[in-house]
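> structure for the following, please:
(one chain, ligands or ions: 1)
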Amino acid sequence: MASIREQFPILKTQVNGKPLVYLDNAASTQKPTRVVNAIAQYYNTSHSNVHRGVHSLSQKATQLFEEAREAVRNYLNAESSDQIIFTKGCTDAINTVASGYERLLKKGDEVLISHLEHHSNIVPWQMACERSGASLKIIPMNHKGELEWSASLLSPRTKMVAVNHVSNALGTINPIQQIIADAHAVSAAVLIDGAQATPHFAIDVQALDADFYTFSGHKVYGPTGVGVLYGKRALLEKLPPYQGGGDMIKTVTFSKTTYAPIPFKFEAGTPNMAGAIGLHEALNFMSEIGLEAIASHENRLLLYATEELSRIPGIRFIGTAENKASVLSFLVEGAHPYDVGVLLDQMGIAVRTGHHCTQPIMDYFEIPGTVRASFGIYNTMEEVDQLVRGVMRSASMLV
Ligand code: 7TS
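Model (predicted):
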C-alpha cells in the first residue's frame, strides 16, 4: 500500500490544513506519476499529428496512439483493436451510439434504460427517441437500489437496452449478463455504461457478449478528455457517425463522401493522442497491481466502512444492494448532505454530495441528494476511520 500511495504525490498534500483523505474516486481518480510522466514524455519526444505524415515523428505518434488502442483492446478482451474507438470520455461514447441510433430508430421502436442511470445514459437516449419517434422505457428498481429486471420489459419493438454496469450513486452491480442474454433473445442491442465498473474489476466484453461498452479514462487513473467506445464490428459498421471531418473519410467530393473503416469513421479530427497514451500507462498501472487485488482491497474497504458507519446513530444508507462496488451513499438524519460535505472538507476529507447526476434515483428515495464516499486503489482502513470520525463530528455539530 505504501508503495502505491507513494506514486500519487497529491495524496501527500494538505487540504484546509489537514492531510487529504480523497474519497471522491467515483467522480474522478487521482493520477500516478507514471501517467503524468508518460504524457510529458510524449510531448517532449514524440508529438506530431497522427495518421497523416510520412515523416518519422508523425509515424512515431501514430504508433504510440495505436499501441494505446491495442492496450485498451487487451484490457477489455475485445476481439480486434479496430473495435476500440477513442472518444472524449464515457459521455461522448454514449452520445456517439445514441446519435447514430437516432437515425436507425423508427416510430414504434423502443429504447430501454434503467432507473439507475447517470444522466449521461438518460439524456442522449431521450434526445434520440424525441428525434426518431421511438419510445423510452424504464427498468424499475427497488428500495435497495437493485434493478427489478424482467425479460417481460422487452418486446420485439425493443431495439436498444442501455444500462450501467455499476451505479455511480449507489454502487449497485447490475445483472448485466442476464439483461444482455434476454435482450439478445429479442434481437435488441445492449450498451453497457462501464464508467464505474472499469475502475474496480476486470471486464471481458466477449464473455459478457456486450454490443457496446463505454468508459472514461479519468476514472481509471488516466487523464481527462479521453474515453473508450467498444462495439461489435457489424454494429459499428452499421452505425452512422455523428461527427464529420478529417481522418474519418475515405474519399470526399462535393457530391458524395465515403467514410473510413472503423474505428476511424468515429474519430473525426485530431484525436487526443496524449490522452490515449496516458490511458495506456494507467491501464498498465492497474494491470500490474492486478484487477483481482484491486477488487478485493476495495471490497474490504467497502465492508469495513459500511460496518463502522452503521454504528453512527441516525445514519441511513441509500443503496443497500446485495452486490455492490466500492461506493457508499448515506445520509445523517437531521443533517443536509451538503452541510456534512462542507464539514468533512474542513477536515481534509473529500466526498461528493448532491444528486450525483442521477436525479431519478434521488426522486425515488424522495431525498435531495446523498453524501457519497467512493474508494480507490490507494485508500486505506485508516482513511475509513477518519471518515467515520468525521461523520460523527459533523453529526454532533449539525443534529
Ligand atoms: N456513467 C456513469 C455511471 C458515471 O458515473 C459517469 C460519471 C458517467 C457515465 C459520465 O462520465 P464522464 O467521464 O463522461 O463525465 N460519474 C460521475 C460521478 O459519479 N461524479 O462525477 C462524475
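> can we go C-alpha only for contacts and neighbour counts from here?
OK.
> just give me the neighbour total for residue 98.
26 (other Cα atoms under 10 Å).
> I'd guessed it sits against residue 125; true?
Yes: shown here, residue 98 and residue 125 form a contact pair, counting by Cα atoms under 8 Å, at 5.9 Å.
> quick one: the strands in the stretch 1-150 of the chain?
For the stretch 1-150 of the chain, applying DSSP state E, counting those that start in this stretch gives strands covering 14-15, 18-19, 21-22, 84-87, 110-114, 135-139.
> looking at these, which one is packed in the most?
Neighbour counts (mean count of other Cα atoms under 10 Å) averaged over each of the strands of the stretch 1-150 of the chain peak at strand 84-87, with a mean of 27.
> that strand and the ligand, any residue contact?
No: legend: contact between strand 84-87 and the ligand by Cα under 6 Å from any ligand atom is lacking; minimum distance shown is 9.5 Å.
> distance between that strand and the chain's centre?
Relative to its chain's centre, strand 84-87 lies at 14 Å (Cα atoms, centre = their mean, to the nearest Å).
> and the residue nearest to residue 38 when sequence neighbours are not counted, what element?
What sits nearest to residue 38 in space, not counting adjacent residues and going by Cα to Cα, 6 or more residues apart in numbering, is residue 278, at 6.0 Å. Secondary structure from DSSP states H and E places residue 278 in helix 273-289.
> what separation do you get for residue 350 and residue 340?
Per Cα to Cα, to the nearest Å, residue 350 is found 11 Å from residue 340.
> could I get the strands of the stretch 1-150 of the chain as TSV with distance to residue 129 and mean pLDDT?
As requested, the strands of the stretch 1-150 of the chain are exported to TSV (distance: least, Cα to Cα, whole Å; pLDDT from 0 to 100):
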stretch	distance to residue 129	mean pLDDT
strand 14-15	45	96
strand 18-19	48	97
strand 21-22	39	98
strand 84-87	23	98
strand 110-114	8	98
strand 135-139	6	98
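> for residue 313, give its distance to residue 117.
Residue 313 is 30 Å from residue 117, by Cα to Cα.
> nearest residue to the middle of this structure?
Closest to where the C-alpha atoms of the chain average out (Cα atoms, centre = their mean) is residue 195, at 1.2 Å.
> who in the chain is up against the ligand?
26-27, 89-91, 118, 120, 164, 167-168, 193, 195-196, 216, 356.
> which one is residue 36 nearest to, not counting chain neighbours?
That would be residue 278: by Cα to Cα, 6+ apart, it lies 7.1 Å from residue 36.
> per-residue confidence for the one you found?
Note on residue 278: pLDDT of 98.
> pretty sure it sits against residue 42.
No: between residue 278 and residue 42 there is no contact under Cα under 8 Å: 9.0 Å.
> neighbour-wise, which of those two wins?
Higher neighbour count among residue 278 and residue 42: residue 278, with 30 against 18, using other Cα under 10 Å.
> residues touching that one, list them.
Taking Cα atoms under 8 Å, 6 or more residues apart in numbering, we find residue 278 in contact with 35-36, 38-39, 222-223.
> and for residue 179?
By Cα under 8 Å, 6+ apart, the neighbours of residue 179 are 149, 151.
> now do it against residue 46, distance only.
44 Å.
> what do you get for residue 294?
Per Cα to Cα, residue 294 is found 32 Å from residue 46.
> state the pLDDT value of residue 270.
pLDDT for residue 270: 95.
> apologies, that question was intended for residue 246.
With respect to pLDDT, residue 246 has a value of 89.
> repeat for residue 261
What the model reports as pLDDT for residue 261 is 95.
> with the one 5 residues further on instead?
Looking at residue 266, its pLDDT stands at 97.
> same thing with residue 2?
Looking at residue 2, its pLDDT reads 87.
> what of residue 54?
The model's pLDDT for residue 54 equals 88.
> could you shift the numbering so residue one becomes 52, and keep it that way?
With 52 as the first residue, the last one maps to residue 105.
> mind checking the SS state of the residue lying farthest from the centre of the chain?
Here the chain reaches farthest from its C-alpha mean at residue 306, the gap being 39.6 Å by Cα atoms, centre = their mean. Of the three states, residue 306 takes coil under DSSP: H, G, I helix; E, B strand; the rest coil.
> show me where pLDDT drops low in the stretch 302-450 of the chain?
Of all residues in the stretch 302-450 of the chain, none has pLDDT under 70.
> all strands of it, in order?
Taking DSSP E, counting those that start in this stretch as the criterion, the stretch 302-450 of the chain contains strands spanning 308-310, 366-368, 378-383, 400-401, 403-405, 421-425.
> winner for burial among the ones you listed?
Between the strands of the stretch 302-450 of the chain, strand 421-425 has the highest mean count of neighbours, a mean of 28, where neighbours are mean count of other Cα under 10 Å.
> break the chain into its domains for me.
53-81+342-449, 86-338 (automatic domain parsing).
> give me the distance between the two termini of the longest one.
Across domain 86-338, the straight-line distance between its terminal residues is 14 Å, by Cα to Cα.
> roughly how far is that domain from the heart of the chain?
10 Å.
> same deal with the shortest one?
The gap between the average C-alpha position of domain 53-81+342-449 and the chain average comes to 18 Å, counting by Cα atoms, centre = their mean.
> would you mind measuring the gap between the ends of it?
End-to-end for domain 53-81+342-449, by Cα to Cα: 35 Å.
> mind listing the helices for the stretch 152-301 of the chain?
Secondary structure of the stretch 152-301 of the chain (DSSP state H, counting those that start in this stretch): helices located at 174-183, 227-236, 256-259, 284-289.
> which strands and helices sit next to the first one?
Yep, that's helix 174-183 we're talking about. helix 141-155, strand 186-190 (3 or more Cα pairs under 8 Å, 6 or more residues apart in numbering; DSSP states H and E).
> point out the most buried one among these.
helix 141-155 (a mean of 22).
> that one - what's its average pLDDT?
The pLDDT scores in helix 141-155 average 98.
> and that helix with strand 161-165, angle?
Counting by axes from the mean of the first three to the mean of the last three Cα atoms, to 10 degrees, helix 141-155 lies at 160 degrees to strand 161-165.
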